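could you work out the structure for the sequence below:
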Amino acid sequence: MAPTADTATPAREDATPRAAAAPASAAAPGPGPGPGPGPLPAFVPLYQQIKSLLLRSLALGEWQPGQPIPSEVELAARFKVSQGTVRKAIDEMAAENLVVRRQGRGTFVATHAEEGTRYRFLRLATDAGAPPLLRRRLLDCRRMRSNEAVARALRLATGDPVVEVRRLLLDDDKPVVLDHLWLPGADFKGLDASKLEQWRGPLYRLFEAEYSVRMIRAEEKIRAVAAAADEAALLQLPVGAPLLLVERRSFSYGDRPVELRRGLYHTDGHHYRNELN
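From the prediction side, this is the model:
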């Protein structure tokens, strides 16, 4: 049985939320004029406490991707809060793509197996507007010791093991993306070239299904660069050709970084598409 999160009852709904410890500057003033009022105490809304408990259950694997979570009534009884408090926590999780509500069926843990999530992390589109039908060509997959930059990005110690993956993404046999990934070795034991070659679905689906690592958000930096000689050769471009460099760090539950990715995009006939809300 999968471990369950700590179900200690959060603060009662009619109780005053606990304030953070007052900083030293907020102590009683001495003689004479003192400083103004200290900062207001920090409060954690009850629905946020419930959300934190639900996220802990997801991180512990109590509910797997694609599986339903308990109903709002059951969760309200479990945490001894109102159904409305639970609903507000789940609404926020749904807005963050952590769970999916299905009319008449309940709420399910979001999964990379759903077709609708396939392009959530793939922002390359053809100039006609459609997502490209990409084919992968694996260049290399090896285990190595992390250097300082990779370790810092993944919150590891320098020298900790990582899995390094290099691959080409091709659209109609034309190379359009040169991908370079680093993954924490402790999370991806057994990942090798053979598994990557045999896998036919999205890469994040493999991570979720085989290694119980789910990417829930990513942050990216984008800049224009000129193709170096080795990059140009792989992308079948002249040296110095303009490319779009997309540096991504992906996170799992608990805001833990589990992937560092450096993608070089050739945007002749393609573009990087994003939607801002």
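
what stretches of the stretch 51-200 of the chain score poorly on pLDDT?
113-122 (pLDDT under 70).

can you give me the strands in it?
For the stretch 51-200 of the chain, the strands defined by DSSP state E, counting those that start in this stretch occupy 99-102, 106-109, 124-126, 134-145, 161-171, 174-184.

out of these, nearest to Ser252?
With Cβ to Cβ, the closest approach to Ser252 among the strands of the stretch 51-200 of the chain belongs to strand 174-184: 10.1 Å. Bear in mind the C-beta positions are built from the backbone N, C-alpha and C, glycine included.

before we move on, back to that, tell me which of the strands of the stretch 51-200 of the chain sits most buried.
Greatest average neighbour count among the strands of the stretch 51-200 of the chain goes to strand 174-184 (a mean of 20), per mean count of other Cβ atoms under 10 Å.

Arg101 bridge partners, please.
Taking DSSP bridges as the rule, Arg101 bridges to Thr107.

just the endpoints, please. Distance across stretch 201-218?
End-to-end span of stretch 201-218 (Cα to Cα, to the nearest Å): 20 Å.

if we can go back for a sec, and of the strands of the stretch 51-200 of the chain, who's closest to Glu74?
Proximity to Glu74, assessed across the strands of the stretch 51-200 of the chain by Cβ to Cβ, is greatest for strand 106-109 (10.4 Å).

check which helices and strands that closest one sits against.
strand 99-102 (3 or more Cβ pairs under 8 Å, 6 or more residues apart in numbering; DSSP states H and E).

show me what contacts Leu134?
Going by Cβ atoms under 8 Å, 6 or more residues apart in numbering, Leu134 touches Leu122, Leu124, Leu169, Leu170, Asp171, Val176, Val177.

would you list these in TSV and tack on distance to Asn97?
As requested, these are exported to TSV (distance: Cβ to Cβ, whole Å):
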residue	distance to Asn97
Leu122	14
Leu124	19
Leu169	23
Leu170	28
Asp171	26
Val176	26
Val177	23
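
and these, which two are furthest apart?
Within the contacts of Leu134, Leu122 and Leu170 form the most distant pair, 13.9 Å apart (Cβ to Cβ).

circling back to that earlier point, the strands of the stretch 51-200 of the chain: which one's closest to Gly66?
Distance to Gly66, taken as Cβ to Cβ, is lowest for strand 106-109 among the strands of the stretch 51-200 of the chain, at 6.3 Å.

can I get the CA coordinates of the closest one in CSV?
C-alpha atoms of strand 106-109 as CSV (Å, rounded to 0.1, in the frame of the first residue of the first chain):
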residue,chain,number,x,y,z
GLY,A,106,-15.1,13.2,-10.1
THR,A,107,-11.6,14.6,-9.9
PHE,A,108,-8.5,12.8,-11.2
VAL,A,109,-4.8,13.2,-10.8
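
picking that back up, turn the strands of the stretch 51-200 of the chain into CSV, columns for distance to Leu203.
Listed next are these as CSV, based on distance: least, Cβ to Cβ, whole Å:
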stretch, distance to Leu203
strand 99-102, 21
strand 106-109, 19
strand 124-126, 14
strand 134-145, 8
strand 161-171, 9
strand 174-184, 8
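
how about Phe207, nearest residue that isn't a chain neighbour?
Closest residue in space to Phe207, ignoring its immediate chain neighbours: Val213 at 4.6 Å, by Cβ to Cβ, 6 or more residues apart in numbering.

next one: phi and psi at that neighbour?
The phi/psi pair for Val213 (degrees, to the nearest 10) reads phi -110, psi 120.

okay, now it: neighbour count?
20 (other Cβ atoms under 10 Å).

shift numbering so it begins at 53
I'll keep to 53 as the first residue from here, and by that count the last item is Val265.

ok, now how distant is it from Glu114?
According to Cβ to Cβ, to the nearest Å, Val265 stands 16 Å off from Glu114.

and whichever strand or helix holds Glu283, what's buried?
Counting by DSSP states H and E, the element that carries Glu283 is helix 281-287. By neighbour count on 16 or more other Cβ atoms under 10 Å, the buried set for helix 281-287 is Glu283, Ala284, Leu287.
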